[in-house]
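S.K.: pasted the sequence and its predicted model underneath.
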Amino acid sequence: MENAVGLTFRDATDADVDVLVALIESAYRGDASRAGWTTEADILEGQRTDPEGVLQVIKAPDGKLLTVEQAGRVVACCQLEHRGTHAYFGMFAVSPALQGAGLGKAVIAEAERQAREDWGVTEMRMTVISVREDLAAWYERRGYRRTGEMTPFPYGEERFGIPRRADLQFELLVKPLV
């Protein structure tokens, strides 16, 4: 489906794995991620995801990896997973060169619309690394509420990254979809 700003939204396929891994890595890790504001390079080293992780999301029976193209090029993605009365939003990435221009707002709005209309869910949930105050604030401006409910960061599992600090944990954010 194409929207007014020339974005095409579609479900990812197996053929998209390599380009999606590159996009996600570029948005969060390494020096390339510093071109955007969503970088985690100061708090995590190593990989953000891998081909197996992306393929697992694509193949999930109750979810999808929403892929966003502009002018035929993949520029953003996000995971949507149907979990009963709510949907989980994750693996959100926007090309660093395009961050700050409203693309992320358009993607999250479309993800919320699809979750509400396709699955009939009444709430979107996500987790954010709690020390990412700028990112949590961005989601708050989109109607998400910080719950204070924390889950531990998977220290020692390098497939999720190598922490550069000892105080990382995930905070649950929620938004009613009405």
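M.R.: Received, thanks.
S.K.: pLDDT below threshold where in this structure?
M.R.: Residue ranges of the chain with pLDDT under 70: 1-5, 29-41, 47.
S.K.: run the last query once more with 50
M.R.: Low-confidence regions of the chain, defined by pLDDT under 50, span residues 2-4.
S.K.: can you give me the helices in it?
M.R.: Using DSSP state H, the helices assigned to the chain run over residues 17-28, 51-59, 103-119, 133-141.
S.K.: in TSV, list those helices along with mean neighbour count and distance to E149.
M.R.: Quick note: C-beta positions are derived from backbone N, CA and C, even for glycine. Shown next, in TSV, are the helices of the chain (neighbours: other Cβ atoms under 10 Å; distance: least, Cβ to Cβ, whole Å):
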stretch	mean neighbour count	distance to E149
helix 17-28	19	23
helix 51-59	16	23
helix 103-119	18	20
helix 133-141	14	13
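S.K.: closest to A93 out of these?
M.R.: helix 17-28 (3.9 Å; Cβ to Cβ).
S.K.: can you state the direction angle for that closest one and helix 51-59?
M.R.: With axes from the mean of the first three to the mean of the last three Cα atoms, to 10 degrees applied, the angle from helix 17-28 to helix 51-59 works out at 110 degrees.
S.K.: any idea how far helix 17-28 is from the middle of the chain?
M.R.: Relative to its parent chain, helix 17-28 has a centroid offset of 11 Å by Cα atoms, centre = their mean, to the nearest Å.
S.K.: I'd say V68 and S95 touch.
M.R.: No - counting by Cβ atoms under 8 Å, V68 does not reach S95; the two are 9.5 Å apart.
S.K.: so what sits against both of those two?
M.R.: The contact sets of V68 and S95 overlap at V75, A76, L103 (Cβ atoms under 8 Å, 6 or more residues apart in numbering).
S.K.: going by distance to G53, which of those wins?
M.R.: For the shared contacts of V68 and S95, the nearest to G53 is A76 (17.4 Å; Cβ to Cβ).
S.K.: check contacts around the closest one.
M.R.: A76 touches L23, T67, V68, F92, A93, V94, S95, L98, L103, G104, V107, counting by Cβ under 8 Å, 6+ apart.
S.K.: just put those in a markdown table and tack on distance to R141.
M.R.: As requested, those are exported to a markdown table (distance: Cβ to Cβ, whole Å):
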| residue | distance to R141 |
| --- | --- |
| L23 | 23 |
| T67 | 25 |
| V68 | 20 |
| F92 | 15 |
| A93 | 19 |
| V94 | 16 |
| S95 | 21 |
| L98 | 19 |
| L103 | 15 |
| G104 | 11 |
| V107 | 15 |
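S.K.: ok, these vs M150, which is closest?
M.R.: M150 lies nearest to F92 out of the contacts of A76, by Cβ to Cβ, at 19.6 Å.
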